[in-house]
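Enquirer: Provide a 3D model corresponding to the input given below.
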Amino acid sequence: MRIEEKSILLSIVIPTLDAAAHLPACFTSIVQGVRMARDAGVIAPEIEIIVVDGGSSDDTVALAGQLGARVASAPKGRGSQLAAGADAANGDWLLFLHADTRLADNWLCAASGHINNPANPGKAAAFRFVLDDPSRTARFLEAVVGWRSRELALPYGDQGLLISRGFYRALGGFGKDPLMEDVDIVCRIGSMRLRMLDAAAITSAARYREGKAGWILRPLRNLSCLGLWFLGLPAPVIARLYGR
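Expert: Below you'll find the model as predicted:
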């Protein structure tokens, strides 16, 4: 008697808030990765996409449905939205992804290599940080983030997070604080259980281009938030300090 192998399901969870301008490119990158993996003959998981909206006032919710995603809602805040998406997901593996991030064409090939490795159900992975900006400043920031990810094992949420459902649950999942949810979970994962994938997560640099000092003040603000969090200041207090 032939035993059918159960196909693996990967649930991609995308938190949104007024993200209609970014969703099409994000979804297109996901689909292109699926096509590349199929054309390369890679043993890849099936995909479901869950968009968790935090109260958008634009066309995000309608657009997500048109693009083929399952749509859920949750209180505004990435932590609460990511947690809700994980609860709604059916996948054996979870990929948490920001709406303004595009994955490189080889993303599913790289992710499948991690998923198919029998040693990895208890390990998580993130993508390489890349900005959609040609400037030298962008390349410098990418290098800094690359060093932080490798040496400190601190990738941020804009690099995605690939994790098995069982490991995610064992960690206790995402907290529901208004910020630092990404740092909190990767710290619980720990450096020995975190891998960097050989594929890029290409993130919009629009927020860095805002104002003349965007490339300077935003990274400094992020570093300040990180320092305050490691000093033990609660995330809601940090959010109030920075107007989040």
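
Enquirer: residue 163 sits in which helix or strand?
Expert: strand 161-164 (DSSP states H and E).

Enquirer: ditto for residue 154
Expert: Using DSSP H and E, residue 154 falls outside every helix and strand.

Enquirer: and the nearest residue to it once chain neighbours are set aside, what element?
Expert: Excluding the flanking residues, the one nearest residue 154 by Cβ to Cβ, 6 or more residues apart in numbering is residue 148, at 5.2 Å. From N, CA and C alone the C-beta is placed, and that goes for glycine too. Residue 148 belongs to helix 136-151 when assigned by DSSP H and E.

Enquirer: how about the CA coordinates for that helix, as PDB?
Expert: Extracted in PDB, the C-alpha atoms of helix 136-151 (Å, rounded to 0.1, in the frame of the first residue of the first chain):
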ATOM      1  CA  ARG A 136      25.900  54.800  -0.600                       C
ATOM      2  CA  THR A 137      24.100  55.600   2.600                       C
ATOM      3  CA  ALA A 138      21.700  52.700   2.000                       C
ATOM      4  CA  ARG A 139      24.600  50.300   1.400                       C
ATOM      5  CA  PHE A 140      26.200  51.500   4.600                       C
ATOM      6  CA  LEU A 141      23.000  50.900   6.600                       C
ATOM      7  CA  GLU A 142      22.700  47.400   5.000                       C
ATOM      8  CA  ALA A 143      26.200  46.600   6.100                       C
ATOM      9  CA  VAL A 144      25.500  47.700   9.600                       C
ATOM     10  CA  VAL A 145      22.300  45.600   9.700                       C
ATOM     11  CA  GLY A 146      24.200  42.700   8.300                       C
ATOM     12  CA  TRP A 147      26.800  42.900  11.000                       C
ATOM     13  CA  ARG A 148      24.100  43.200  13.700                       C
ATOM     14  CA  SER A 149      22.200  40.200  12.300                       C
ATOM     15  CA  ARG A 150      25.300  38.000  12.100                       C
ATOM     16  CA  GLU A 151      27.300  39.000  15.200                       C
END
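
Enquirer: give the buried residues for it.
Expert: Within helix 136-151, the residues scored as buried using 16 or more other Cβ atoms under 10 Å are 137-138, 141-142, 145-146, 148-149.

Enquirer: right, and the helix or strand after the strand holding residue 163?
Expert: Beyond strand 161-164 in the direction of the C-terminus, DSSP H and E gives the next helix or strand as helix 165-171.

Enquirer: show me what that following helix is in contact with.
Expert: 86, 89, 91-94, 121-124, 185, 188-189, 193 (Cβ atoms under 8 Å, 6 or more residues apart in numbering).

Enquirer: which secondary element of this structure has the worst mean pLDDT?
Expert: helix 235-241 (a mean of 77; mean pLDDT, DSSP states H and E).

Enquirer: for that one, buried residues please.
Expert: Of all the residues in helix 235-241, those buried under the rule 16+ other Cβ under 10 Å are 235, 238-239.

Enquirer: quick one: average pLDDT of stretch 136-153?
Expert: What stretch 136-153 shows for mean pLDDT is 93.

Enquirer: next one: stretch 106-123
Expert: On average, stretch 106-123 scores 96.

Enquirer: give me the contacts around it.
Expert: When contacts are defined by Cβ under 8 Å, 6+ apart, stretch 106-123 is touched by residues 8, 10, 29-30, 33-34, 36-37, 40, 42-45, 93, 95, 125, 127, 162, 164, 166-167, 193-195, 197-201.

Enquirer: which ones among the contacts of helix 165-171 lie within strands?
Expert: Of the positions in the contacts of helix 165-171, 93-94, 124 sit in strands, assigned by DSSP state E.

Enquirer: export those residues to JSON lines and tack on neighbour count?
Expert: Putting the ones in strands among the contacts of helix 165-171 into JSON lines (neighbours: other Cβ atoms under 10 Å) gives the following:
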{"residue": "93", "neighbour count": "25"}
{"residue": "94", "neighbour count": "26"}
{"residue": "124", "neighbour count": "25"}
